[in-house]
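Visitor: 3D, please:
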Amino acid sequence: MADDINQLREQLHQLTEDYKTLEHNFDIMSEGYQESLMLYDKLEDTYHELEETNKQLEVARQRAEEASRMKTNFIQQISHEIRTPLNILNGFTQILTTPGMELDLNTQQEVTKGIDENTNRITSLVNKMLELADASCRTELDRTDHVLAVQIAAQASDESRITVASHLTFDLVMDEGTDTLMLQTNLQQATRALSLLLDNARKFTQPAEAAVNAGAEVKQGRVVLRLAQQEQMLRFIVEDNGIGVPESEAEHIFDEFVQLDDYYDGTGIGLTVARSIARRLGGDVVIDTTYTDGARFIFSLPIA
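Guide: Numbers count the residues shown, from 1 in each chain. Purely as a prediction, here's the structure:
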């Protein structure tokens with residue numbers, strides 16, 4: 001009987017030891033399983049990061065291809081736009097230099113006007129290319145001119161010729177106190193930046209040729225330039241009822257050569273140059289994406 005009890009005790013002891021061994025092995029397996037889970041989670045995170053990186057690389061590749069295409073289009077367009085007035089000037093030159101050619105007063109005035117217009121057109125294109133080359137520069141511009149804010153608005157309106165555009169109505173609105181507000185800035189550069197924004201509004205409130213040819217209803221264009229003070233910044237707000245800008249393109253349109261609608265004339269560098277000038281004057285140019293009746297650009301300059 002005693003032998004049986006001892007044998008049972010030995011078996012119980014062995015079972016206990018076996019249980020402890022199994023429990024230890026289970027703990028090791030559990031730790032390994034947890035480590036495997038952690039490793040899997042890390043691998044999954046790495047996979048998602050790689051997937052996101054690949055998406056960003058694909059977007060960057062598409063943007064690079066788009067920029068290359070736009071640059072090519074820009075060069076072709078500039079070449080075409082320069083060649084056209086050159087051909088016109090060449091025609092006028094042949095008329096003026098033809099032996100025995102006598103022109104009446106009206107014809108002389110038309111030729112003179114044509115020469116002036118096309119010379120200015122070439123000069124404007126060359127200036128745009130020079131401005132584009134300077135757009136990536138971050139050097140601050142000289143700000144020693146003391147001028148009225150309304151003077152910048154008036155000169156930019158004249159320079160952009162928006163006041164004589166037949167397809168739109170243009171209004172200059174000044175908030176209280178802005179009519180006598182003085183700025184210390186660069187008159188020429190500030191005027192140029194605002195002129196580019198007004199020119200952009202003038203262009204995109206005019207119906208595209210494709211829409212006109214398709215018989216689409218043409219609405220009267222409207223552009224408002226409003227001067228408003230916000231803390232220590234003077235804001236030139238250019239608001240139009242043109243084709244507008246999708247919110248997803250709000251920053252993209254400030255890139256070089258970007259044109260959202262190929263049916264409109266343009267070089268795709270005006271907004272790039274305007275923002276560059278504004279930032280070098282201590283301000284900025286942004287688009288208000290909350291405005292949905294067209295486009296609203298805000299050009300800000302420091303007051304002091």
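Visitor: only C-alpha atoms for contact and neighbour calcs from this point on.
Guide: Noted.
Visitor: mind giving me the packing neighbours of the helix or strand where residue 50 lies?
Guide: For residue 50, the element it lies in under DSSP states H and E is helix 2-97. In this structure, helix 2-97 packs against helix 105-135, with contacts taken as 3 or more C-alpha pairs under 8 Å, 6 or more residues apart in numbering; DSSP states H and E.
Visitor: buried stuff in whichever helix or strand comes after the helix it packs on?
Guide: Per DSSP H and E, helix 105-135 leads on to strand 145-148 as the next helix or strand towards the C-terminus. Taking 16 or more other C-alpha atoms under 10 Å as the basis for neighbour counts, the residues of strand 145-148 that come out buried are 147, 148.
Visitor: and strand 145-148, how far out from the chain middle?
Guide: Mean C-alpha position of strand 145-148 versus that of the full chain (C-alpha atoms, centre = their mean, to the nearest Å) differs by 28 Å.
Visitor: one step back: give me the angle between the helix holding residue 50 and helix 105-135.
Guide: With axes from the mean of the first three to the mean of the last three C-alpha atoms, to 10 degrees as the criterion, the two stretches helix 2-97 and helix 105-135 enclose an angle of 150 degrees.
Visitor: and stretch 137-157, which residues are buried?
Guide: Neighbour counts using 16+ other C-alpha under 10 Å place 143, 147, 148, 149, 150, 152, 153, 155, 156, 157 of stretch 137-157 among the buried residues.
Visitor: excluding its own residues, what touches that stretch? List them.
Guide: By C-alpha atoms under 8 Å, 6 or more residues apart in numbering, the surrounding residues in contact with stretch 137-157 are 163, 178-187, 190-192, 194-195, 198, 225, 227, 236, 276-277, 280-282.
Visitor: now, these that are in strands?
Guide: Here DSSP state E is the test, and those give 182, 183, 184, 185, 225, 227, 236 as lying in strands.
Visitor: from those residues, which single one is nearest residue 14?
Guide: Out of the ones in strands among the contacts of stretch 137-157, the one with the shortest distance to residue 14 is residue 236. That distance is 90.6 Å, counting by C-alpha to C-alpha.
Visitor: dump the residue contacts of that closest one.
Guide: Applying C-alpha under 8 Å, 6+ apart, one finds that residue 236 lies in contact with 153, 194, 225, 226, 227, 228, 298, 299, 300.
Visitor: what is the burial count for residue 17?
Guide: 12 (other C-alpha atoms under 10 Å).
Visitor: which of the contacts of stretch 137-157 count as buried?
Guide: Neighbour-count burial within the contacts of stretch 137-157 applies to 163, 178, 182-187, 190-192, 194-195, 198, 225, 227, 236, 276-277, 280-282; the criterion is 16+ other C-alpha under 10 Å.
Visitor: neighbours of the closest residue to residue 300 other than its chain neighbours, how many?
Guide: Counting by C-alpha to C-alpha, 6 or more residues apart in numbering, residue 300 lies nearest to residue 235, which is 4.4 Å off, once chain neighbours are set aside. The burial metric for residue 235, expressed as a neighbour count using other C-alpha under 10 Å, is 24.
Visitor: residue 235 reaches residue 228, doesn't it?
Guide: Yes: under the criterion of C-alpha atoms under 8 Å, residue 235 makes contact with residue 228 at 5.2 Å.
Visitor: tell me which residue lies nearest the centroid of the chain.
Guide: With the centre of the chain defined as its mean C-alpha position, the nearest residue by C-alpha atoms, centre = their mean is residue 254, 1.7 Å away.
Visitor: ok, residue 122 to residue 85 distance?
Guide: Here residue 122 is placed at a distance of 7 Å from residue 85 (C-alpha to C-alpha, to the nearest Å).
Visitor: residue 34 - how many residues pack around it?
Guide: Under the criterion other C-alpha under 10 Å, the count of neighbours that residue 34 has is 12.
Visitor: kindly state the pLDDT recorded for it?
Guide: You'll see residue 34 listed with a pLDDT of 77.
Visitor: ok, now which ones touch the closest residue to residue 241 other than its chain neighbours?
Guide: Setting aside the residues directly before and after it, residue 241 is nearest to residue 294 in space (C-alpha to C-alpha, 6+ apart), at 4.1 Å. Residues counted as contacts of residue 294 (C-alpha under 8 Å, 6+ apart) are 239, 240, 241, 242, 243, 244, 245.
Visitor: pretty sure the fifth one sits in a strand.
Guide: No: counting by DSSP: H, G, I helix; E, B strand; the rest coil, residue 243 is not found in a strand; it is coil.
Visitor: grab the nearest non-local neighbour of it.
Guide: If the residues on either side of it in the chain are set aside, residue 243 comes closest to residue 294, at 5.6 Å by C-alpha to C-alpha, 6+ apart.
Visitor: what does the pLDDT read for the one you found?
Guide: Model confidence at residue 294, expressed as pLDDT, equals 91.
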